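Engineer: Below is the sequence, then the predicted model.
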Amino acid sequence: MNRESEAADREQWARTRLDYRFNDLSLLEQALTHSSASRTNNERLEFLGDAVLGISIARLLFESRPDDTEGELTRARAALVNGTTMAEIGRELAIDTQIILGKSELRAGGAQRESALADALEALIGAVFVDGGHAAADRLVQWLFAARLAALPRTPELKDAKSRLQEWLQGRGLGLPSYAVDSEFGSDHAKIFVVSCTVGELAAPTRGAGSSRRRAEQEAAATMLRELTDEHE
């Protein structure tokens, strides 16, 4: 496929997946270009997109959750905007089929890396901002996050499982939980961690698995919290 055909395919992808038509197709190409592929890559657009995303999400939360405090709004934003969620949206948009990688990164499965997908999504938001202005970028953010914003739990439930487990234990004068990596497996770009959560003699250890140690710890903590609350409350 020649360069013109690739550009046309990317334009069609953007119109279909992002519901946006670029005036400057070079911005679209740059937003999808990983640093392993070229010195002209998406890092600068990612920087800009991160800022645009932050203000757009802050406004949406400010308007949709009028009773939330600053701290609650901050937790809500963190629940919406994080590497995992951004990578999930990237997969939903099939960014992995469009991202431009260097040969070694491509062979290593870089198109599936959470960081590459999240960075490209932020870069696309930045590219739309440069190409069409703040209103166009804001519309894109609203469209990308509409379902997740609507499904966002009540504020007390936004605390992560580790924090809620710690608060439950501290509220009963009990010691803090401990976490340990039991095992990890898979290739570098698709590694899975298995972590155990222990709360002394209060309950048997629970386990969680995830694509990062943090996610595995959160899953183990959520399981422990369910078991403790079912047994003691």
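Structural biologist: Yep, that arrived.
Engineer: ok, and the closest non-adjacent residue to R17?
Structural biologist: Nearest non-adjacent residue to R17, counting by C-beta to C-beta, 6 or more residues apart in numbering: L93, 4.7 Å away. Where you see a C-beta, it was placed from the backbone N, CA and C, and this is true even at glycine.
Engineer: give the contact list for the one you found.
Structural biologist: Shown in contact with L93 (C-beta atoms under 8 Å, 6 or more residues apart in numbering): R17, L18, L121.
Engineer: right, and the second one touches I125 too?
Structural biologist: Pointing back at L18 there. No. Using C-beta atoms under 8 Å, L18 is not in contact with I125; the gap is 9.4 Å.
Engineer: and for those two, which residues touch both?
Structural biologist: The contact sets of L18 and I125 overlap at L140 (C-beta under 8 Å, 6+ apart).
Engineer: returning to what we had before: just the buried ones from the contacts of L93?
Structural biologist: Buried by 16 or more other C-beta atoms under 10 Å: L18, L121, out of the contacts of L93.
Engineer: and which of the contacts of L93 is nearest to L228?
Structural biologist: Checking these against L228 by C-beta to C-beta gives L121 as the nearest, at 36.9 Å.
Engineer: how about that closest one, secondary structure?
Structural biologist: helix (DSSP: H, G, I helix; E, B strand; the rest coil).
Engineer: Same check on the one 10 residues further on?
Structural biologist: Secondary structure, three-state DSSP: D131 is helix.
Engineer: picking up where we left off before, want to throw the contacts of L93 into CSV with pLDDT and distance to S211?
Structural biologist: Converted to CSV, the contacts of L93 look like this (pLDDT from 0 to 100; distance: C-beta to C-beta, whole Å):
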residue, pLDDT, distance to S211
R17, 95, 23
L18, 95, 25
L121, 97, 17
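Engineer: With respect to R172, which of the contacts of L93 is nearest?
Structural biologist: Looking across the contacts of L93 and measuring by C-beta to C-beta, the closest to R172 is L121, at 41.6 Å.
Engineer: Tell me if I'm right that that closest one and G90 touch.
Structural biologist: Yes. Counting by C-beta under 8 Å, L121 touches G90, with 4.8 Å between them.
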